[in-house]
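Enquirer: just need the structure, nothing else, for what follows:
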Amino acid sequence: MNSQASGGFPETISPGAASCAGGPGASPLDADLTTLAGLSADELLALTADAAGVLRRAEAVLIACSNEVASRSDRALGSSGLAARHGFGRASQLLEQVTGVSARSASRYIRVGALTGQRVADTGLPLPALFPRVGEALAAGLIGMDAAEAITRELSLAAPRADLDLLTAAEEALVGQATGEAVSEGLALPADLVAGQARLWRDALDPNGIEPRADEAFSKRDLWVSRVAQNGVVPFGGKLTVDVAAKLHTLFDAMLTPRTAPQCLTEDEEQKLHDTDAPGRPKDSRTPGQQRADIFASMIDSLARSGDVPTISGSAPTVLVTVSAEVLENKQGTGAVVGVADRIPYSSIEQILCDGGTQPVGLGAHGDVLRLGRSRRPFSRRQKLAIIARDGPTCFECDVPASGCEVHHVVPWSHGGETDVSNGVILCWYDHHKMHASEWKIEMVNGKPISIPPPWVKRMPYFR
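Expert: Numbering: from 1, shown residues only. Alright, predicted model coming up:
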């Protein structure tokens with residue numbers, strides 16, 4: 001094997017190293033996948049690189065074949081077209097069935113094939129490919145589908161208004177970066193970096209097209225939220241413009257920074273922690289995606305409480321949850337939430353009760369309304385500001401800004417707890433949920449909140 005550099009990394013990786021896994025001249029397709037753990041670092045990386053090379057060659061064949069299938073399935077051919085003869089309306093549908101790939105992948109193969117393969121004029125005469133250098137690199141297995149698509153997609157947007165010589169130069173430069181020929185150290189750029197370079201070339205070749213492209217992108221913005229839950233979660237998604245996405249990422253990044261050190265405690269607070277044998281808070285076990293989801297939930301709550309939000313029938317936007325008195329009394333069961341076709345557990349109901357308002361409704365045996373009680377007022381804005389002044393500008397448990405947090409009753413309202421500053425604490429959506437759905441508790445010591453872990457946490461040696 002090759003010698004190792006002083007830093008512990010190999011100076012080079014032998015092109016034939018992967019062959020060690022399956023014998024001299026062996027194809028990566030012949031590798032015994034059950035013995036990967038026994039390969040050296042050089043052999044493992046070389047086998048991976050060789051397999052990627054095989055994939056690139058296979059993608060080149062698929063792209064070329066897809067282009068030919070699409071050509072033979074042209075709508076002008078009618079029922080005699082290749083796809084139509086096999087009972088498919090489009091070439092992409094035929095490719096999906098033949099190859100087993102997704103509809104998106106089939107469309108990508110056709111699109112890249114049309115831009116890199118030889119064309120035929122209406123007269124039947126052959127025409128050169130729109131991006132011949134990309135096609136050559138594909139055929140040679142030097143670049144893969146991702147890089148080829150990035151180059152052809154971005155340059156196609158600039159092509160109608162770009163100088164032909166400059167467009168050719170851009171294609172050559174990008175192919176050189178994707179293959180490593182144009183990089184001083186000879187290392188090819190990954191597909192994502194190639195895409196970034198292609199966007200720079202696109203804007204340089206067609207500066208007048210920047211605003212029209214931005215307008216087109218703006219028209220594609222979208223957001224959807226399902227009204228049907230799947231296993232307790234509601235799917236949603238969409239598309240944001242670049243500037244809005246950047247703001248959202250910045251907001252997430254700001255709220256996902258490591259927690260600051262805890263504030264100094266008084267002697268009484270330290271004694272309380274000592275008496276309860278409370279360990280330091282465990283490391284946040286949430287995934288980054290779960291943390292972003294919790295931040296998004298806090299953003300929604302914060303906006304809903306804002307005085308700038310339009311009202312609905314004279315009231316702030318309010319989620320209506322109906323729950324029976326029996327569920328509230330027994331503290332178990334579910335409630336129906338208006339707007340989504342699913343029910344929520346009591347722990348979620350209790351969290352809503354804690355920060356929101358309730359209005360008792362008396363129902364008859366047949367579900368008819370017999371009486372409508374008086375609403376219970378949650379913590380007021382002034383009370384929340386007073387609690388923030390006492391505990392600081394962030395969630396009691398983490399660094400989420402208090403403006404996006406909820407106010408939790410330390411002694412539950414259902415247990416006689418008052419809606420008073422002395423019984424309130426600022427919690428982000430996640431920590432508020434944790435307090436209602438787990439054994440974590442909060443107690444007030446000298447007028448300030450202290451987090452009390454459940455007994456099983458205190459017994460764990462790795463939390464001490």
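
Enquirer: doesn't Leu427 make contact with Ile387?
Expert: No - using Cβ atoms under 8 Å, Ile387 is not in contact with Leu427; the gap is 10.4 Å. Bear in mind the C-beta positions are built from the backbone N, C-alpha and C, glycine included.

Enquirer: those two - which one has more neighbours?
Expert: Leu427 (28 against 23; other Cβ atoms under 10 Å).

Enquirer: ok, what's across the strand from the more buried one?
Expert: Here Leu427 sits in beta bridges with Glu406, as judged by DSSP bridges.

Enquirer: check Pro449 too.
Expert: Pro449 has these beta-bridge partners by DSSP bridges: Met444.

Enquirer: show me what the longest helix that the chain contains is packed up against.
Expert: In the chain, with assignment by DSSP state H, the single longest helix is helix 41-72. Applying 3 or more Cβ pairs under 8 Å, 6 or more residues apart in numbering; DSSP states H and E, one finds that helix 41-72 contacts helix 82-85, helix 91-99, helix 103-116, helix 132-139, helix 145-158.

Enquirer: next, the angle from that helix to helix 132-139.
Expert: Computed by axes from the mean of the first three to the mean of the last three Cα atoms, to 10 degrees, the angle separating helix 41-72 from helix 132-139 equals 120 degrees.

Enquirer: what about Gln440, neighbour count?
Expert: That one is not Gln; residue 440 is Trp. If you count neighbours by other Cβ under 10 Å, Trp440 ends up with 16.

Enquirer: my bad, Gly238
Expert: 10.

Enquirer: same check, this time on the one 10 residues further on
Expert: The local packing of Leu248 (other Cβ under 10 Å) involves 15 other residues.

Enquirer: OK, contacts around it?
Expert: Leu248 sits next to Leu240 when contact means Cβ atoms under 8 Å, 6 or more residues apart in numbering.

Enquirer: so which residue of the chain lies furthest out from the middle?
Expert: Thr123 (48.7 Å; Cα atoms, centre = their mean).

Enquirer: for that one, phi and psi?
Expert: Dihedral angles phi and psi of Thr123 (degrees, to the nearest 10) take the values phi -80, psi -10.

Enquirer: what do you get for Ser324?
Expert: Dihedral pair for Ser324: phi -80, psi 160, per degrees, to the nearest 10.

Enquirer: quick revisit: what residues are shared contacts of Ile387 and Leu427?
Expert: What both Ile387 and Leu427 touch, as defined by Cβ under 8 Å, 6+ apart, is the set Val407.

Enquirer: so which residue is dead centre in this protein?
Expert: Nearest to the geometric centre of the chain sits Gly289, at 6.3 Å (Cα atoms, centre = their mean).

Enquirer: with adjacent residues omitted, what lies nearest to Gly78?
Expert: Leaving aside its chain neighbours, Gly78 sits nearest to Ala84 (6.8 Å; criterion: Cβ to Cβ, 6 or more residues apart in numbering).

Enquirer: tell me who's in contact with that neighbour.
Expert: By Cβ under 8 Å, 6+ apart, Ala84 lies in contact with 73, 77-78.

Enquirer: neighbour-wise, which of those leads?
Expert: Ser73 (24 neighbours).

Enquirer: and stretch 441-455, what's buried?
Expert: Under the neighbour-count criterion of 16 or more other Cβ atoms under 10 Å, stretch 441-455 has 442, 448-453 buried.

Enquirer: stretch 147-160 too?
Expert: Quick answer for stretch 147-160 (16+ other Cβ under 10 Å): 147-155, 157-159.

Enquirer: one more: stretch 99-115?
Expert: Residues of stretch 99-115 classed as buried by neighbour count (16+ other Cβ under 10 Å): 101, 105-115.

Enquirer: what's the answer for stretch 125-144, then?
Expert: Within stretch 125-144, the residues scored as buried using 16+ other Cβ under 10 Å are 129-131, 133-135, 137-139, 141-144.

Enquirer: leaving out sequence neighbours, find the closest residue to Ala173.
Expert: Nearest residue to Ala173, sequence neighbours excluded (Cβ to Cβ, 6+ apart): Ala182, at 6.1 Å.

Enquirer: isn't Thr394 right up against Pro401?
Expert: Yes - here Thr394 reaches Pro401: they are 6.0 Å apart, a contact under Cβ under 8 Å.

Enquirer: can you map out the strands along the stretch 251-400 of the chain?
Expert: Ranges of strands within the stretch 251-400 of the chain are 321-322, 334-337, 343-345, 361-363, 369-372, based on DSSP state E, counting those that start in this stretch.

Enquirer: kindly list the main-chain dihedrals of Asp74?
Expert: phi -50, psi 140.

Enquirer: and the nearest residue to it once chain neighbours are set aside, how far from Ala106?
Expert: Nearest residue to Asp74, sequence neighbours excluded (Cβ to Cβ, 6+ apart): Gly81, at 6.1 Å. Gly81 sits 16 Å away from Ala106, taking Cβ to Cβ, to the nearest Å as the criterion.

Enquirer: same check, this time on Ala83
Expert: Counting by Cβ to Cβ, the separation of Ala83 from Ala106 is 11 Å.
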